[in-house]
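A.B. asks: just coords:
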């Protein structure tokens, strides 16, 4: 059964993204990312990866190792999977910013314990203070 735009692909994408990011992901952000990836990289390419991941899920075992072996280990799929990771961590696909919201929600900010440059939580001089952890 192919994973199509309406075939539970958001759930599969969330599950895959959690493995790629190493943590649970926001379904709202995932929905935007999935649409961005389908537009930028082609729905057929993205859906191949989702179908392969669905098969990995069904087979059981060490899901992280299976993703390494079957997605990153596949020369045809690995470049697209890597772009998925980059989108989650930077809010970009290639050199194109997906959206301002994706930039602000990029996982890299929490990973480095900083807020995005240009982001303000509405008080003057916020740059003077150390970054809020988890923002």
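C.D. replies: Received, thanks. Because the structure is predicted, anything quoted here is derived from the model rather than measured.

A.B. asks: Going toward the C-terminus from the worst-scoring helix or strand of the chain on mean pLDDT, what's the next helix or strand?
C.D. replies: The helix or strand of the chain with the lowest confidence, counting by mean pLDDT, DSSP states H and E, is strand 96-97 at a mean of 84. Next along the chain after strand 96-97, taking DSSP states H and E as the criterion, comes helix 100-104.

A.B. asks: Only the buried residues of the helix or strand following that following helix, if you could.
C.D. replies: Using DSSP H and E, the helix or strand that follows helix 100-104 in sequence is helix 107-112. Using 16 or more other CB atoms under 10 Å as the test for burial, helix 107-112 gives 107, 109. (Glycine included, C-beta is placed from N, CA and C.)

A.B. asks: just stretch 94-106 next, same as before
C.D. replies: Neighbour counts over stretch 94-106 (16+ other CB under 10 Å) mark 98, 102, 103, 105, 106 as buried.

A.B. asks: Point out the least confident one among these.
C.D. replies: Among the buried residues of stretch 94-106, residue 98 carries the weakest pLDDT, at 86.

A.B. asks: so how far is residue 55 from that one?
C.D. replies: According to CB to CB, to the nearest Å, residue 98 and residue 55 sit 27 Å apart.

A.B. asks: Now do stretch 26-33: everything it contacts.
C.D. replies: 10, 13, 14, 17, 84, 87, 88, 98, 99, 101, 102, 105 (CB atoms under 8 Å, 6 or more residues apart in numbering).

A.B. asks: Quick one: mean pLDDT for that stretch?
C.D. replies: Mean predicted confidence for stretch 26-33 is 95.

A.B. asks: From the chain's centroid, how far away is it?
C.D. replies: Remark: stretch 26-33 is offset 8 Å from the chain centroid, using CA atoms, centre = their mean, to the nearest Å.
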